[in-house]
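*Asks:* Just a sequence and a predicted model for now, questions to come.
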Amino acid sequence: MSVPMTDRKRKHADGRSSTAKKQRQAGKPSSKGAKHGDKAEQQKLSKREHKDLIKSKKLKFKKNYATIQETVLLWEQLRPKQTTKVQKEHLVANILKKLQGNIPELANHHSASRVIQWCLKEGSAADKAKLVAELRSNIVPLSKSKYGRHVVQKLINIASKQDVPGLVKLFKGHVAELLRHPSGADVLDDLYSVCPQSCRNTLCAELYGREFTLFDGIGAHSESISHLSQLLSGVNASKRQALLQHLYKQLAPVLEKALLHPAMTHRLLRELLTEAPGSIVADVVDTIAATGGNALKLVHTHDGAAAAAMALAYGTPKDRKRLVKGMKGYVWQTAENEWGHAVVATALSVVDDTALTSKVILSELKAKLDQLRTDRHAHHVLMQLLAPDSHRYLPPAIYELLHPPVKTMLVAADAPAAAGAGLDVADDEFLDEAAGDEMKADEAEATGSGDGFGEDQLPNDQENSDQQKDGQDQEQDQQGSDRADREEAAAEPIDDDGSNSSKQQQLVERQLGESKKATDVRRRELLESGKDSLAAMLLQLCSERAGELLRNQVSADVVVEVARGSAGGLLWQMQQAGVEAVHAAIVQQVVQGLSSITAANSHKAAQQEGKQQKKRKKNEQAA
């Protein structure tokens with residue numbers, strides 16, 4: 001059955017037929033015939049000819065293709081170990097002759113980037129200087145390039161200690177920009193790892209405010225100021241608020257993109273969580289928790305582990321749940337890390353959802369219990385359950401990570417305990433101090449003096465002062481809004497029962513991350529009392545292998561705490577028979593030890609008596 005053609009289809013068909021008709025009249029083959037002709041022509045070509053055809057097209061259309069191919073051939077001669085140093089330097093010189101003038105552009109190419117890296121590695125001092133001279137002006141764009149960043153990283157890795165400060169200057173004004181870029185963050189991480197303390201301070205200071213970027217505001221103090229707390233101790237309240245707000249604004253995109261692996265980010269994040277008011281801390285913790293498993297990128301450094309521990313300590317139950325779930329599959333690797341074990345111990349100390357921690361954390365630790373008892377870092381996790389916060393077992397640095405400073409916020413009285421938004425207690429102090437600080441700043445500006453940081457030092461820089469003034473105006477507007485709310489609330493009439501119905505009167509101070517469960521209740525639920533519980537497995541291990549464990553410096557601490565029933569006698573209350581079995585095993589080991597010592601002493605005395613008898617016989621024979 002034929003289907004009638006619609007007007008649209010008929011018009012399209014007529015158009016195609018008319019086009020083919022015109023081509024035949026002009027003596028041109030149709031497009032379909034042309035395609036078949038090209039295909040037939042390609043089939044006639046040999047592999048060699050086909051390869052040459054592709055190469056000719058690349059030479060025609062790809063920029064610098066010939067140069068790259070020539071340098072790659074020389075690079076293949078440069079790579080073998082048999083090539084002598086003199087030959088390598090000669091090959092590098094030939095490569096640079098071909099690349100000269102186009103090095104920044106070619107560094108973005110996959111193959112040419114590797115060639116340039118080898119030239120930096122194997123070239124002479126003069127050749128390296130030539131490369132650096134061409135790369136200097138393009139160091140920031142290359143740091144954000146997929147292949148160019150490897151050239152910059154190689155340049156950083158081969159730099160001497162004297163060259164590092166010069167490299168830091170090349171990144172001036174672009175640190176925050178690179179820190180939130182995936183490739184740039186890797187470059188900054190390499191640069192930060194080779195920098196001395198003064199250069200590290202300079203890099204971090206760019207995120208404190210624009211004045212530190214443009215005018216080296218921290219340059220004169222880079223040796224003495226090693227942390228943000230030292231810088232904040234010498235400024236007034238309004239300047240302190242501006243610094244913390246600027247740091248939070250710069251780190252926000254870094255946290256949202258989960259670029260948490262650079263050590264520089266770890267330091268800045270720890271400083272922000274330590275010094276910032278509770279409102280900012282709550283937002284930062286929520287953003288970290290949203291990254292899930294990416295938060296584990298923090299645990300391999302001291303500062304990063306401190307930031308991760310504070311995120312657990314200050315987080316809401318929802319935040320803690322997301323962070324604990326992110327550990328799944330990596331609990332043991334984190335527990336055996338020099339600093340990461342403090343994060344696992346913090347999770348067991350503050351998370352109220354013991355069913356979740358038992359499923360995610362303790363299940364992996366039980367599987368590694370034999371290694372857990374002897375690992376010098378991981379056993380601290382176990383000791384935190386048996387003897388919480390004991391200075392006998394926890395080094396001072398780890399104890400400090402487990403007990404971050406308390407942060408509080410003002411929230412509505414009827415709000416749930418997990419509420420993460422509210423007015424910070426520290427904001428009240430800023431509201432009262434800011435007005436006095438502004439008057440002092442105006443007087444200081446008139447006299448030409450200041451607090452050593454900010455626009456008081458820079459009266460001639462209009463752009464910088466305008467930007468800081470805009471930031472301060474926004475903060476003052478917010479503070480004025482909060483102050484107006486409180487004044488309006490105070491002016492409201494009091495009810496007959498003597499209570500004020502205003503929101504201000506309903507605000508209460510609440511600690512961030514405050515746990516509902518008592519420590520002993522949480523420990524009891526984590527240790528449990530079943531057959532496959534952590535408590536039962538520990539007691540069985542200590543009773544069956546008491547002698548082996550007591551002879552190990554690390555595991556001996558575990559046996560001691562198990563034998564004493566853990567802190568508060570909790571283990572004794574849960575598994576009295578098991579603790580008594582451990583006591584019996586220890587006594588048996590002591591008896592065996594005494595018996596072996598007695599036997600050894602008897603054997604030694606017998607040997608000495610035999611020697612004395614032989615000596616007497618010799619003397620008698622000699623007489």
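*Replies:* Happy to help now that I have it.
*Asks:* E509 in helix, strand or coil?
*Replies:* strand (DSSP: H, G, I helix; E, B strand; the rest coil).
*Asks:* Find the nearest non-adjacent residue to it, please.
*Replies:* T408 (5.2 Å; CB to CB, 6 or more residues apart in numbering). (Glycine included, C-beta is placed from N, CA and C.)
*Asks:* what about that neighbour, how many neighbours?
*Replies:* T408 has 16 neighbours, counted by other CB atoms under 10 Å.
*Asks:* these two touch, right, it and L512?
*Replies:* Yes. Counting by CB atoms under 8 Å, L512 is a contact partner of T408 at 6.7 Å.
*Asks:* Give the residues shared as contacts by the two.
*Replies:* G278 (CB atoms under 8 Å, 6 or more residues apart in numbering).
*Asks:* what's the helix or strand for V411?
*Replies:* If you go by DSSP states H and E, V411 is part of strand 408-412.
*Asks:* Against which helices or strands is that strand packed?
*Replies:* For strand 408-412, the helices and strands in contact under the criterion 3 or more CB pairs under 8 Å, 6 or more residues apart in numbering; DSSP states H and E are helix 278-290, strand 423-424, helix 425-447, strand 507-511.
*Asks:* if we go to 10 Å?
*Replies:* When contacts are defined as 3 or more CB pairs under 10 Å, 6 or more residues apart in numbering; DSSP states H and E, strand 408-412 packs onto helix 278-290, strand 423-424, helix 425-447, helix 503-506, strand 507-511.
*Asks:* among the ones you listed, which gets the worst mean confidence?
*Replies:* Comparing mean pLDDT over the helices and strands packed on strand 408-412, the weakest stretch is helix 425-447, at a mean of 46.
*Asks:* measure L120 to N138 for me?
*Replies:* L120 is 15 Å from N138, where distance means CB to CB, to the nearest Å.
*Asks:* Point out where the stretch 1-150 of the chain drops to low pLDDT.
*Replies:* 1-43, 50-55, 57-62 (pLDDT under 70).
*Asks:* Okay, helices next: where are they in it?
*Replies:* 7-25, 31-44, 47-61, 65-78, 85-99, 103-106, 110-122, 125-135, 139-143, 148-157 (DSSP state H, counting those that start in this stretch).
*Asks:* got it, and the stretch 201-350 of the chain?
*Replies:* So, for the stretch 201-350 of the chain - with DSSP H, counting those that start in this stretch - the helices run 210-214, 228-232, 237-256, 263-275, 278-290, 302-314, 317-326, 331-335, 340-350.
*Asks:* So for T67, which of these sits nearest?
*Replies:* Among those, helix 263-275 comes nearest to T67, with 36.7 Å by CB to CB.
*Asks:* Tell me which residues of the closest one come out buried.
*Replies:* 263-275 (16 or more other CB atoms under 10 Å).
*Asks:* do stretch 510-526 as well
*Replies:* 510, 512-513, 515, 522-526.
*Asks:* any idea how far T265 is from K407?
*Replies:* 21 Å.
*Asks:* likewise V86?
*Replies:* To T265, V86 is 44 Å away according to CB to CB.
*Asks:* got it, and V281?
*Replies:* V281 sits 16 Å away from T265, taking CB to CB as the criterion.
*Asks:* Longest helix of the protein, counting residues only.
*Replies:* Ordering each helix of the chain by length in residues (DSSP state H) puts helix 576-622 first.
*Asks:* and it, what does it pack onto?
*Replies:* Using 3+ CB pairs under 10 Å, 6+ apart: helix 576-622 touches helix 534-544, helix 546-550, helix 553-563, helix 570-574.
*Asks:* one step back: put the alpha carbons of the strand holding V411 into CSV.
*Replies:* This file holds the C-alpha atoms of strand 408-412, laid out as CSV (Å, rounded to 0.1, in the frame of the first residue of the first chain):
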residue,chain,number,x,y,z
THR,A,408,29.5,28.8,70.3
MET,A,409,26.6,30.4,68.5
LEU,A,410,23.4,32.2,69.4
VAL,A,411,20.4,30.3,68.0
ALA,A,412,16.7,30.3,68.7
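*Asks:* Show me what counts as buried in that strand.
*Replies:* For strand 408-412, a neighbour-count test (16+ other CB under 10 Å) marks 408-411 as buried.
*Asks:* Just give me the closest of the residues you listed to P80.
*Replies:* Comparing the buried residues of strand 408-412 against P80 with CB to CB picks out M409 as the nearest, at 64.4 Å.
*Asks:* Tell me, how many residues neighbour the nearest residue to that closest one once chain neighbours are set aside?
*Replies:* Spatial nearest neighbour of M409, excluding adjacent residues (CB to CB, 6+ apart): G278 at 4.0 Å. G278: 25 surrounding residues under other CB under 10 Å.
*Asks:* and what of the one 10 residues further on?
*Replies:* Under the neighbour criterion other CB under 10 Å, I288 is assigned a count of 28.
*Asks:* Let me know the pLDDT of D370.
*Replies:* pLDDT, D370: 88.
*Asks:* Format the buried residues of strand 408-412 as JSON lines; extra columns: pLDDT.
*Replies:* Listed next are those as JSON lines, based on pLDDT from 0 to 100:
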{"residue": "T408", "pLDDT": "87"}
{"residue": "M409", "pLDDT": "82"}
{"residue": "L410", "pLDDT": "80"}
{"residue": "V411", "pLDDT": "77"}
